[in-house]
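Student: pasted the sequence and its predicted model underneath.
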Amino acid sequence: MSDLSRAIRPLSGSVLVLVLFQGIVGWELTQGTDYGHAHTAYLLTVIALALPVIVIKSGIDNKSVRGNSFAVAGMVVIQLFVGMFLMTDDWGFGWVHVPLAMMIAAHSFAVLISMRNISI
């Protein structure tokens with residue numbers, strides 16, 4: 001194990017918090033106020049893409065941690081593309097954000113739970 005393994009839990013916790021914040025900000029966006037929905041999505045994407053890289057570089061052999069970290073990164077990229085390209089003029093694809101956000105939150109929470117069993 002390397003010192004990078006200490007960064008996995010804070011990163012997955014940050015993903016979880018940012019997804020919850022995205023839900024709050026997204027609802028406010030439907031009401032006419034924008035508190036940085038796009039900027040939070042970009043930050044979430046950077047953190048989620050860094051998560052599997054750090055998991056692989058840390059040398060963790062737990063399949064649950066590896067699989068869930070890649071799932072988080074993949075779903076966040078899909079979420080970003082849905083927001084950027086499918087919702088430019090019409091909000092008809094806004095419903096896709098909800099199940100994706102729920103899956104991102106569940107997988108990042110699974111990374112947190114799986115890291116509890118790994119000695120650092």
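Tutor: It's in.

Student: what sits against the residue nearest the centre of the chain?
Tutor: For the chain, the residue lying nearest the average C-alpha position, counting by CA atoms, centre = their mean, turns out to be Val15 (4.4 Å). With contacts defined as CB atoms under 8 Å, 6 or more residues apart in numbering, Val15 is in contact with Leu44, Ile47, Ala48, Leu51, Val72, Val76, Ile104, Ser108. Using the backbone N, CA and C atoms, a C-beta is placed for each residue, glycine as well.

Student: closest one of these to Gly26?
Tutor: Leu44 (12.0 Å; CB to CB).

Student: Leu16 is in contact with the closest one, correct?
Tutor: No - at 10.3 Å, Leu44 does not count as touching Leu16 under the criterion of CB atoms under 8 Å.

Student: which of the contacts of Val15 are buried, as a PyMOL select command?
Tutor: Selecting only the buried members of the contacts of Val15 in PyMOL, with burial defined as 16 or more other CB atoms under 10 Å, works like this:
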select buried, resi 44+47+48+51+72+76+104+108
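
Student: count the neighbours of the closest residue to Tyr42 other than its chain neighbours for me.
Tutor: Closest residue in space to Tyr42, ignoring its immediate chain neighbours: Leu80 at 7.7 Å, by CB to CB, 6 or more residues apart in numbering. Leu80 has 17 neighbours, counted by other CB atoms under 10 Å.
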